[in-house]
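>>> predicted structure and sequence below. I'll ask about it afterward.
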Number of protein chains: 2
Amino acid sequence: MTTVPDPEDLTARARIRDAAMRHIGEYGFERATIRGIAETAGVSLGLVRHHFGSKEALREACDEHLVKIIHKLHEDAARDPRAGLNPVAVMGPYQPYLARALTEGWAAPLFDEMVDIGERWIAEADKSRTDPPDVDARSRSALIAAMALSVTVLRRHVERGLGADLTSPEGQAKLMRVMLDVYSHPLLSLEEAAEARKALDRGRNT
Amino acid sequence: MTTVPDPEDLTARARIRDAAMRHIGEYGFERATIRGIAETAGVSLGLVRHHFGSKEALREACDEHLVKIIHKLHEDAARDPRAGLNPVAVMGPYQPYLARALTEGWAAPLFDEMVDIGERWIAEADKSRTDPPDVDARSRSALIAAMALSVTVLRRHVERGLGADLTSPEGQAKLMRVMLDVYSHPLLSLEEAAEARKALDRGRNT
DNA sequence: GCCGTGACTATACATCGGTATAGTCTGCTT
DNA sequence: AAGCAGACTATACCGATGTATAGTCACGGC
């Protein structure tokens, strides 16, 4: 799944890009070295430069590729909405790179697009909501996007907490069960929330 | 808030440690340089080594200090549970460092302790829950901890989404409002969750 | 058949940054 | 007064890594 390469793949350029995504995903951009990437791709140091020019440009190429992948996944998810719940399963091998991109500061457009998608979804759901929302749909979408991505970003910690390897089918099934339970039970009752809001209005912020 | 220094502070050692936490928080461990930290602390490169021995050891000292801070905050939060909702406000200036620690792979005990605390809280809440939980309290606590920390870890993205600066009181109030709304409304109905679980049981995992 | 272009390699270069060492100054103890 | 300890500085060292350059090889068009 999601490992289907572009037709243009198999080329050295594609191999380098894939190796870069793996290295950056595993070590982060700083610790990933062009030499290491070249070795993994089975090419010389110079060829990386020949194709991409600089380490920074290589990263940008990886980003573009990620965006491409996400767009394709988004189309797929439009057909089966439930499949999109589990980001670890969805992103597959590109998930570590995504996590780095989000935490090392260069994937803003990507996150924003996720917020866009969520916002439309939420606006739809608001129509059948009984109590009026206290805040705009976009803000809620941003928080929910962050929450959904937290599994990706804090994956190692979540794995420890669940006692399961999230690359395995069993681990992913477990994660889905946990998510279903948590997502279907509010952390706060409406009354508690209303009370906290009132306290906030009184100007007591902490 | 949370800026009250230890009595032992004001010493060069403390200044170096604080500078290190700021630099690592801002740039990450790799990109943070001992030279830069020394300059910020207003001391020489050599003094950093004199006090801490190595960059790695300096990081460990920062970790220990973070743990100390978290413990103190935890005691405070025990008195006023609601204050603990907002991790950005709670962690104050140490929040960027915490985010780095969590995403760059070295803060496992810290996360686990948060899961511990949450687990006890959830076990308590389970007593008054009508439907039986599908998964153990610890797994749910881990996911919820990750979700709660997502604001800290993806802070820049959340800020863009909310259109607010989370260091400002207004931004924090806005975040609180968003959290209260989202936390008090389940993302999935019990029926949807039950149905998804059934689909999972049929062995169709994706 | 030649030549040019682009994929690819080998190697040199320069900088950055962690580490190591030698030395200075201040203050305290005896 | 002597001397020792610890805080602190200046500077040298060296490996790692991104960047740059020169050169080789294969292939396709004129």
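Cool, got the structure. No experiment lies behind these values; they were computed from the predicted model shown.
>>> list the buried residues in the longest helix belonging to chain A.
With DSSP state H setting the assignment, residue counts place helix A:55-79 as the longest helix in chain A. By neighbour count, with 16 or more other Cβ atoms under 10 Å in any protein chain shown as the criterion, the buried positions of helix A:55-79 are A:55, A:58-59, A:61-63, A:65-66, A:69-70, A:73, A:77. For glycine as for every other residue, the C-beta is placed from the backbone atoms N, C-alpha and C.
>>> now check that helix, is it near DNA strand D?
Yes. Contact of helix A:55-79 with DNA strand D is found when judged by Cβ under 7 Å from any atom of the strand, involving A:55-56.
>>> check which helices and strands that helix is in contact with.
Counting contacts by 3 or more Cβ pairs under 8 Å, 6 or more residues apart in numbering or on different chains; DSSP states H and E, the secondary-structure elements packed against helix A:55-79 are helix A:12-27, helix A:34-41, helix A:45-52, helix A:87-91, helix A:95-103, helix A:108-126.
>>> need those in CSV (columns: distance to B:Leu47, mean pLDDT and mean neighbour count).
Formatted as CSV, the entries for those read as follows, by distance: least, Cβ to Cβ, whole Å; pLDDT from 0 to 100; neighbours: other Cβ atoms under 10 Å in any protein chain shown:
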stretch, distance to B:Leu47, mean pLDDT, mean neighbour count
helix A:12-27, 30, 94, 20
helix A:34-41, 34, 95, 18
helix A:45-52, 38, 94, 16
helix A:87-91, 45, 68, 20
helix A:95-103, 31, 94, 23
helix A:108-126, 38, 91, 16
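>>> redo those helices as JSON lines? Include distance to A:Pro133.
JSON lines is the format used below for the helices and strands packed on helix A:55-79 (distance: least, Cβ to Cβ, whole Å):
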{"stretch": "helix A:12-27", "distance to A:Pro133": "37"}
{"stretch": "helix A:34-41", "distance to A:Pro133": "46"}
{"stretch": "helix A:45-52", "distance to A:Pro133": "46"}
{"stretch": "helix A:87-91", "distance to A:Pro133": "25"}
{"stretch": "helix A:95-103", "distance to A:Pro133": "26"}
{"stretch": "helix A:108-126", "distance to A:Pro133": "6"}
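>>> what's the closest of the ones you listed to B:Leu143?
Counting by Cβ to Cβ, B:Leu143 lies closest to helix A:87-91 out of these; the figure is 11.9 Å.
>>> quick one: contacts for the nearest residue to A:His157 once chain neighbours are set aside?
Taking Cβ to Cβ, 6 or more residues apart in numbering or on different chains as the measure, A:His157 lies nearest to B:Phe111, with 4.3 Å between them; neighbours along the chain are not counted. With contacts defined as Cβ atoms under 8 Å, 6 or more residues apart in numbering or on different chains, the neighbours of B:Phe111 are A:154, A:157, A:160-161, B:102, B:145, B:149.
>>> from B:Gly118, how far off is B:Phe111?
Distance of B:Phe111 to B:Gly118, computed by Cβ to Cβ, to the nearest Å: 11 Å.
>>> between the two, what contacts are shared?
Going by Cβ under 8 Å, 6+ apart, residues that sit against B:Phe111 and also against B:Gly118 are B:Ala145.
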